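> Dropping the sequence and predicted coords here.
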Amino acid sequence: MIDRSSDRPLYQQLADLLREQIKSGALAPAAYLPSESSLMQEYSLGRPAVRNAVAVLRQEGLVVTARGARTQVRPAPQREIVELRAGDEVIGRMPTDPERRDLGIDPGEPILEVTRADGQKLILPAGAHHLKVGR
């Protein structure tokens, strides 16, 4: 429910509502969000508030947007297993803009930087990889 008497901005309130629907499963992975027009009508909001709410969810990595396409709840990732060996080191961090472009990941998605014992470096999107300690 949008509370117009709240100090919390309307777009944040809408982002909160949509986030809860995503986290509860009411909006499942790969499901489409209602259109901007539908959200505007359902919550009596203007287009800027709806767009700002979706931008918040995109920054949080909960939805995927593309020009000319509907906004979609981020599909459940197919995770690739990366086996860690003795001496490997891993750090999680936010990517630089060039890394983000090279990896084709959305703003707000972290990466894993794996440095192998032999000095080789791997830069991996965190959401698409699962680290497993080898024997």
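Thanks, I have the structure now.
> Let me see the contact set for Gln59.
Applying Cβ atoms under 8 Å, 6 or more residues apart in numbering, we find Gln59 in contact with Pro107, Gly108. In short, each C-beta sits where N, CA and C put it, glycine included.
> State the distance from it to Ala53.
11 Å (Cβ to Cβ, to the nearest Å).
> Ala76 now?
22 Å.
> Centroid-nearest residue for this protein?
For the chain, the residue sitting closest to the mean C-alpha position, by Cα atoms, centre = their mean, is Gly61 at 1.0 Å.
> tell me the contacts of the nearest residue to it once chain neighbours are set aside?
For Gly61, ignoring the flanking residues on the chain, the nearest one in space by Cβ to Cβ, 6 or more residues apart in numbering is Gly108 at 4.8 Å. By Cβ under 8 Å, 6+ apart, the contact list for Gly108 reads Arg58, Gln59, Glu60, Gly61.
> does Gly108 sit in a helix or strand, and which one?
In the assignment (DSSP states H and E), Gly108 maps to no helix and no strand.
> what do you get for Lys132?
strand 129-133.
> helices or strands up against that strand?
strand 80-84, strand 111-115 (3 or more Cβ pairs under 8 Å, 6 or more residues apart in numbering; DSSP states H and E).
> mind listing the helices in this protein by residue range?
10-24, 36-43, 47-59, 97-103 (DSSP state H).
> Mean pLDDT and distance to Ala86 added to these, as a markdown table?
Converted to a markdown table, the helices of the chain look like this (pLDDT from 0 to 100; distance: least, Cβ to Cβ, whole Å):
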| stretch | mean pLDDT | distance to Ala86 |
| --- | --- | --- |
| helix 10-24 | 97 | 38 |
| helix 36-43 | 96 | 51 |
| helix 47-59 | 96 | 37 |
| helix 97-103 | 93 | 27 |
